[in-house]
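Asker: Coordinates for the following, if possible.
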Amino acid sequence: MKYTIYLIILTMGLSNFQVEAQELKPIYASNPFLNSYKTPFYVPPFHLIKNEHYKPATQEGILIQRREIDGIANNKNIPTFDNTILALENSGDLLTKVTTVFYNINSANTNDEIQKIANEIAPLISTHSDNINLNEKLFAKVKTIWNQKDQLNLTLEQNKLLEKTYKEFVRNGANLNASDKEKLRAINNEIAVLTLKFDQNILAETNNYEYVVNKKEQLAGLPEELITAAAETAKGKGKKGKWVITLSNSSVMPFLQYCSNRQLREEIWKAYKNRCNNGNEFDNNAIAIQIANRRTEKARLLGYRTHAHYVLEESMAKTPEKVMTFLNQLWTPALEKAKVEEAQIKQMMMAEGIKDNVQPYDWRYYSEKIRIEKFDLDEQELRPYFSLEAVTNGVFMVCNKLYGLQFKELKNIPTYHDEVTAWEVMEKNGKHLGILYMDFYPRASKQGGAWMTSYKPQQKEGEKRIPPIISIVCNFSKPTADAPALFTFDEVTTYFHEFGHALHGLLSNVSYKSLAGTNVYRDFVELPSQVMENWAADPAVLKMYAKHYKTGEIIPDALIQKLENSGTFGQGFATVEYLASAFLDMGFHTSTTTITGTAEAFENESMKKIGLIPSIIPRHRANYFSHIFAGGYSAGYYSYIWSGVLDTDAFDQFKKTSLFDSEKANSFRINILEKGGTEEPMDLYKKFRGSEPSIEPLLKKRGLETP
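Answerer: Take a look at the predicted model:
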């Protein structure tokens, strides 16, 4: 899942901004953001929104919220929860409305003009945010309420909103002196510029690369459907009669897995691992170092030892030391397992006459051959059973059996791209819960990866629940002229994963939008997503949805058994490459001194410290590690495996009774999915589970338990 924070440097004076803002009024008639949406379920009117609408609407939104903030800060009445905390929560509706759409489109369907607008409006938003967080009169009112919280008889949610509001002010510099506040503004501005550039560079570098294959025999080993997909990619790029390999995961990963041409695998792998590390205009070496150093500077200004200490204060883990202990607990058995896997690959390479050491571009290729040899399982056998339609039906079926949800595709609703589908999500009695957009295939206008996001979070007006508008965005294998989209099993689990995030947003049932859905600690947010993956792989569930796209045949028991037998296969590699990135993240963000040199050099030194074997590289190298340098996972990439402890423990409870145990499903919905960030995560988990989680189910799932 991707969260991006856009905070950029102010490029215009306040007086100039005031003049420009006053000239915006005539645009109300034509700008869809500045009028009530007249769309089904009040979704964004994508069909009416044009690029030129974003900046004026953003400026008007800033102007309106600034007036709202002034009204709160200058209110002569005694500060109360309603006239201060709730008023703050409800301010900035227009600004949120336009920027939510804009930044979602910037990630999912961008172009040069939108990226230019991003550089123009992010400075305004950055400075506006600082003006709120560093407003002394406003903070004084918030602090007054905070100091009186024990006498105010607030509800649990009110208390949590007050705590969140107060801490956000403090953590954003409200207690700093005037000089340090100016330093903080400058740091925030610089970080914002750099993070935006980092993300744009990855997209540009990925889109700029293509490897053109002129002879089909160069693609020996690739399944026919992958060859067809490469031919269609070439055709789309004006190279009919050739084959094109791109750096999108759905193209490069199958290529590395199946191509028998070792030299060509090396070529593609080097292009993939050297993204934004080529000394050109898209190089992120210096940018990554600058971001890390500015974050350290900011943390120390705010009174924290490192950026990791700052971030982890608001997490389940609480401290970098606890995170490192946890990672090291997994690293040793994972590395040992990976070394065993490497030896098996080496043995197969030797048998083929290759005396070279195992290289990173060998791993996926030989792992697949070993899987076939050891388990008689070829991943290509699985794909015909995992069409987009079959997997979608499987996701919907699991949600229906667990929570009684129903899904209805909406054809009369605007979308931002013709590949996007829209769905109404309902309770089993037909009551409307929310809207879900789904966007599955890679394109040049879309960032890589997969994520869930929101166009409108759930909240309440009085007792009335305002339903959310949620979206999941992925980069899965595309359909070809001869077949529908057929997913790898990894893509199947990613689909279930992102849908778990979507459920967290869709089933939210809280009073305040800033506490709704996925607005929880980073190392808790992956629980709803990762627990859904378990149903995707369960043998009984596979029999319910995995059907051959041509014949409708249910996936055979023998194939399911092969999949189950190979369940822990390759987990040494998978765990090590993930943990390597988690250690790299912590390395950048536990630094107490200025980092010098390049991001690549820092990465190499970090990997040397943990003893990473040369045949494996981190899943995300520093130069394209968008999770931590352009998203919300800095000092938090560990959270996927931290949540893995929670999700395997939670699913273990279902396995002990039944996969669709109604009592447990209802408890998970009420205590996890509906609660958002209204309570401490471990308290919520214990309400569902009855106790804190055990790490044993995770170790067993990954085959890392000690004998």
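Asker: So for Ala29, what's the pLDDT?
Answerer: Per-residue pLDDT puts Ala29 at 74.
Asker: now Gln22
Answerer: 44.
Asker: Show me what the longest strand anywhere in the chain is in contact with.
Answerer: Determined from DSSP state E, the single longest strand within the chain is strand 432-439. Taking contacts as CB atoms under 8 Å, 6 or more residues apart in numbering, the residues outside strand 432-439 that touch it are 41, 43, 108, 405, 407, 410, 413, 415, 417, 419-427, 446, 455, 458, 467-474, 502, 505-507. Bear in mind the C-beta positions are built from the backbone N, C-alpha and C, glycine included.
Asker: and if you look at stretch 236-248?
Answerer: 205-206, 209-214, 216, 218-219, 227, 230-231, 233-234, 251-252, 255, 268, 271-272, 275, 442, 448, 475.
Asker: what's the answer for stretch 195-212, then?
Answerer: 4-8, 110, 115, 118-119, 122, 234, 237, 239, 242-248, 267-268, 271, 275-276, 278, 282-284, 287-288, 291, 444, 447-448, 624, 626, 629-630.
Asker: The same query, at a cut-off of 7 Å, please.
Answerer: Applying CB atoms under 7 Å, 6 or more residues apart in numbering, the external contacts of stretch 195-212 come out as 4-6, 8, 115, 118-119, 122, 237, 239, 242, 244-248, 267-268, 271, 275-276, 282, 284, 287-288, 291, 444, 447-448, 624, 626, 629-630.
Asker: Now it: buried residues?
Answerer: If you call a residue buried by 16 or more other CB atoms under 10 Å, then stretch 195-212 has these buried ones: 195-207, 209, 211.
Asker: One more: stretch 673-693?
Answerer: 673-679, 681, 684-685, 688-689, 693.
Asker: coming back round to it: inside strands: which ones of the contacts of stretch 195-212?
Answerer: Among the contacts of stretch 195-212, the subset assigned to strands under DSSP E consists of 244-245.
Asker: Of the contacts of stretch 195-212, which count as buried by neighbour count?
Answerer: When burial is judged by neighbour count using 16+ other CB under 10 Å, the buried members of those are 4, 6, 8, 115, 118-119, 122, 239, 242, 244-248, 268, 271, 275-276, 282, 284, 287-288, 291, 447-448, 624, 626, 629-630.
Asker: Quick check: buried residues in the longest strand of the chain?
Answerer: 433-439.
Asker: next one: stretch 131-142
Answerer: In terms of neighbour count (16+ other CB under 10 Å), stretch 131-142 has its buried residues at 131-135, 138-139, 141-142.
Asker: Show the residue spans covered by the strands in this protein.
Answerer: In the chain, the strands defined using DSSP E lie at 211-213, 243-245, 406-410, 421-426, 432-439, 451-456, 459-461, 464-466, 469-473.
Asker: Include distance to Asn159 and mean pLDDT when you put those into CSV, please.
Answerer: Putting the strands of the chain into CSV (distance: least, CB to CB, whole Å; pLDDT from 0 to 100) gives the following:
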stretch, distance to Asn159, mean pLDDT
strand 211-213, 57, 95
strand 243-245, 54, 96
strand 406-410, 35, 98
strand 421-426, 30, 98
strand 432-439, 26, 98
strand 451-456, 24, 97
strand 459-461, 16, 97
strand 464-466, 21, 97
strand 469-473, 27, 98
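Asker: Kindly reformat those as a markdown table containing distance to Trp363.
Answerer: As requested, the strands of the chain are arranged in a markdown table below (distance: least, CB to CB, whole Å):
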| stretch | distance to Trp363 |
| --- | --- |
| strand 211-213 | 20 |
| strand 243-245 | 18 |
| strand 406-410 | 38 |
| strand 421-426 | 35 |
| strand 432-439 | 30 |
| strand 451-456 | 26 |
| strand 459-461 | 47 |
| strand 464-466 | 48 |
| strand 469-473 | 28 |
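Asker: so which of those gets nearest Thr518?
Answerer: Distances from Thr518 to each of these were compared by CB to CB, and the smallest falls on strand 451-456, at 7.2 Å.
Asker: packing partners for the closest one?
Answerer: In this structure, strand 451-456 packs against helix 93-108, strand 469-473, helix 489-506, with contacts taken as 3 or more CB pairs under 7 Å, 6 or more residues apart in numbering; DSSP states H and E.
Asker: rerun that using 6 Å as the cut-off
Answerer: Applying 3 or more CB pairs under 6 Å, 6 or more residues apart in numbering; DSSP states H and E, one finds that strand 451-456 contacts strand 469-473, helix 489-506.
Asker: Serialize these to CSV and add fields for mean neighbour count.
Answerer: As requested, the helices and strands packed on strand 451-456 are exported to CSV (neighbours: other CB atoms under 10 Å):
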stretch, mean neighbour count
strand 469-473, 24
helix 489-506, 24
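Asker: Correct me if wrong: Leu162 contacts Thr84.
Answerer: No: in this structure, Leu162 sits apart from Thr84 without contact. The criterion is CB atoms under 6 Å, and the distance is 9.3 Å.
Asker: gap between the nearest residue to Gln257 once chain neighbours are set aside and Leu402?
Answerer: Of all residues not flanking Gln257 in the chain, Arg364 sits nearest, at 4.5 Å (CB to CB, 6 or more residues apart in numbering). With the distance defined as CB to CB, to the nearest Å, Arg364 ends up 34 Å from Leu402.
Asker: Over to Glu163?
Answerer: When Glu163 is compared with Leu402 (using CB to CB), they lie 31 Å apart.
Asker: ok, these two, which is more surrounded?
Answerer: The residue with the greater number of neighbours, taking Glu163 and Leu402 and applying other CB atoms under 10 Å, is Leu402; the counts read 22 against 13.
Asker: got the contact list for the more buried one?
Answerer: 660, 665 (CB atoms under 6 Å, 6 or more residues apart in numbering).
Asker: can you do 8 Å?
Answerer: With contact taken as CB under 8 Å, 6+ apart, Leu402 is in contact with 660, 665, 668-669.
Asker: So for it, what pLDDT did the model give?
Answerer: Reading off the model, Leu402 has pLDDT 98.
Asker: Can you tell me how far it is from Val531?
Answerer: Applying CB to CB, one obtains 10 Å for the distance of Leu402 from Val531.
Asker: hey, what's in contact with both of the two?
Answerer: With contacts defined as CB under 8 Å, 6+ apart, the residues adjacent to both Leu402 and Val531 are Phe668.
Asker: Helices of the stretch 51-200 of the chain, start to end?
Answerer: Secondary structure of the stretch 51-200 of the chain by DSSP state H, counting those that start in this stretch: the helices cover 51-73, 87-89, 93-108, 112-133, 136-147, 156-171, 178-208.
Asker: So for Asp649, which of these sits nearest?
Answerer: Among the helices of the stretch 51-200 of the chain, if distance is taken as CB to CB, the winner is helix 156-171, at 24.8 Å.
Asker: Could I get the buried residue list for the closest one?
Answerer: Those would be 157-162, 164-166, 168-171, for helix 156-171 by 16+ other CB under 10 Å.
Asker: which residues are in contact with stretch 381-400?
Answerer: 225, 405-407, 428, 440, 476, 479, 484-489, 491-492, 495-496, 499, 503, 532, 535-536, 541, 544-550, 555, 559, 563.
Asker: Can you go through these and name the buried ones?
Answerer: When neighbours are counted using 16+ other CB under 10 Å, these contain these buried positions: 225, 405-406, 440, 476, 484-489, 491-492, 495-496, 499, 503, 532, 535-536, 541, 544-547, 549, 555, 559, 563.
Asker: number of nearby residues for the closest residue in space to Asn277 that isn't next to it in sequence?
Answerer: Distance criterion CB to CB, 6+ apart; nearest residue to Asn277, sequence neighbours excluded, is Asn623 at 4.3 Å. Other residues within reach of Asn623 by the criterion other CB under 10 Å amount to 26.
Asker: wait, Ile49 sits on Asn35?
Answerer: No: judged on CB atoms under 8 Å, Ile49 makes no contact with Asn35 at a distance of 11.7 Å.
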